[in-house]
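In: coordinates only, sequence not included:
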Ligand SMILES: N[C@@H](CS(=O)O)C(=O)O
Ligand SMILES: [Fe+2]
């Protein structure tokens with residue numbers, strides 16, 4: 001059965017154990033494995049409290065030893081590195097942001113998006129959905145996300161873009177998407193014009209997603225590489 005996520009001020013089904021209703025009852029996971037185990041446990045329930053998941057994500061204290069194997073950077077675009085598919089119920093991934101890298105303005109395909117800072121700090125700028133065609137997009141709020149902080153967004157809140165503002169330090173975030181999605185929309189800041197973007201993974205479970213180039217160059221390899229390129233990254237200026 002699909003999970004239903006609810007906010008704590010909304011009706012919560014009686015079948016949900018008390019523990020999952022009360023974010024104050026969160027027990028800090030000792031490491032990433034424990035965090036994933038707890039997320040799996042939560043998602044074996046029919047109804048899940050967004051505030052509980054948020055508090056759980058925030059309570060985990062980032063330890064590079066836990067996530068180093070997934071932390072893979074690309075010189076040109078931020079990378080998306082799959083950590084867990086949660087039995088099809090969610091996607092958990094590490095996003096690696098080199099200095100100055102960022103995402104385009106995008107939606108989240110009707111999913112819930114939790115985003116926790118594992119290293120460095122990032123700027124999240126939220127936008128309203130475009131109101132009129134051809135008009136510049138309106139900013140809603142800008143927030144600096146610090147180490148171990150967790151942010152939340154969904155399409156009812158609006159759109160956002162994220163960037164690592166540092167010129168000297170890279171940044172890493174842990175994202176949880178419920179349910180998983182394979183495409184979303186990116187928006188032109190000046191006109192609000194949307195385009196569909198397929199989401200891609202730079203690596204899955206610590207392994208690069210495309211094969212290393214071989215001697216006998218595949219004539220389609222540049223197209224294949226382009227297909228794997230992160231279409232949500234903000235284009236270089
Ligand atoms: N939602 C984006 C990352 S972010 O900028 O929130 C992604 O999944 O790639
Ligand atoms: Fe996002």
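Out: Arrived safely, thanks for sending. No experiment lies behind these values; they were computed from the predicted model shown. Numbers count the residues shown, from 1 in each chain. Ligands and ions are numbered 1, 2, ... in the order given.
In: At the geometric centre of the chain, which residue sits there?
Out: Centroid check for the chain by Cα atoms, centre = their mean gives residue 175 as the closest residue, at 3.4 Å.
In: how about that one, what does it touch?
Out: For residue 175, the contacting residues are 91-95, 113-116, by Cβ atoms under 8 Å, 6 or more residues apart in numbering. Heads up, the C-betas are built off the backbone N, CA and C, glycines and all.
In: Now, those that are in strands?
Out: Judged by DSSP state E, the contacts of residue 175 include 91-95, 113-116 as members of strands.
In: closest to residue 146 among these?
Out: Taking Cβ to Cβ as the measure, residue 116 is the one of those closest to residue 146, at 10.7 Å.
In: Contacts only, for that closest one.
Out: Taking Cβ under 8 Å, 6+ apart as the contact definition, residue 116 lies against 57-58, 60, 62, 148-151, 173-175.
In: buried subset of the residues you listed?
Out: 57-58, 60, 149-151, 173-175 (16 or more other Cβ atoms under 10 Å).
In: Can you tell me which of those is closest to residue 23?
Out: For the buried ones among the contacts of residue 116, the closest approach to residue 23 (Cβ to Cβ) belongs to residue 58, at 9.4 Å.
In: Can you pull the domain assignment for the protein?
Out: Each domain of the chain is listed here as a residue range: 4-59, 64-233, per automatic domain parsing.
In: where does the protein dip in pLDDT?
Out: Where the chain drops to pLDDT under 70, the residues are 1-21, 211-227, 236-237.
In: ok, which residues in it are in contact with ligand 1?
Out: Contact residues of the chain with respect to ligand 1, defined by Cβ under 6 Å from any ligand atom, are listed as 80, 95, 103, 106, 115, 162, 175, 232.
In: Now tabulate those in a markdown table and tack on distance to residue 137.
Out: A markdown table is the format used below for the residues of the chain next to ligand 1 (distance: Cβ to Cβ, whole Å):
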| residue | distance to residue 137 |
| --- | --- |
| 80 | 23 |
| 95 | 22 |
| 103 | 14 |
| 106 | 12 |
| 115 | 20 |
| 162 | 15 |
| 175 | 22 |
| 232 | 16 |
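In: So which of the residues you listed is the closest to residue 197?
Out: Here the nearest of these to residue 197, counting by Cβ to Cβ, is residue 232; it sits at 5.1 Å.
In: To what extent is the closest one buried, counted in neighbours?
Out: Close neighbours of residue 232, defined as other Cβ atoms under 10 Å, add up to 23.
In: So it sits against residue 195, correct?
Out: No. At 10.3 Å, residue 232 and residue 195 do not qualify as touching, with contact defined as Cβ atoms under 8 Å.
In: if you look at the residues of the chain next to ligand 1, which of them are in strands?
Out: Among the residues of the chain next to ligand 1, the members falling in strands (DSSP E) are 80, 95, 106, 115, 162, 175.
In: Of these, which is the most crowded?
Out: Scoring these on neighbours with other Cβ under 10 Å, the highest-scoring entry is residue 162 at 26 neighbours.
In: what's near enough to touch that one?
Out: If a contact means Cβ under 8 Å, 6+ apart, then residue 162 has 97, 102-103, 115, 122-125, 173 as its contacts.
In: Tell me what it is bridged to.
Out: residue 124 (DSSP bridges).
In: got it, and residue 196?
Out: Residue 196 has the following beta-bridge partners by DSSP bridges: residue 185.
In: surely it meets residue 182?
Out: No. Between residue 196 and residue 182 there is no contact, the gap being 10.6 Å when judged by Cβ under 8 Å.
In: ok, residue 112 - contacts?
Out: The neighbourhood of residue 112, defined by Cβ under 8 Å, 6+ apart, consists of 5, 50, 53, 152, 154, 176-178.
In: name the element residue 56 belongs to?
Out: Following DSSP states H and E, the helix or strand that holds residue 56 is helix 50-59.
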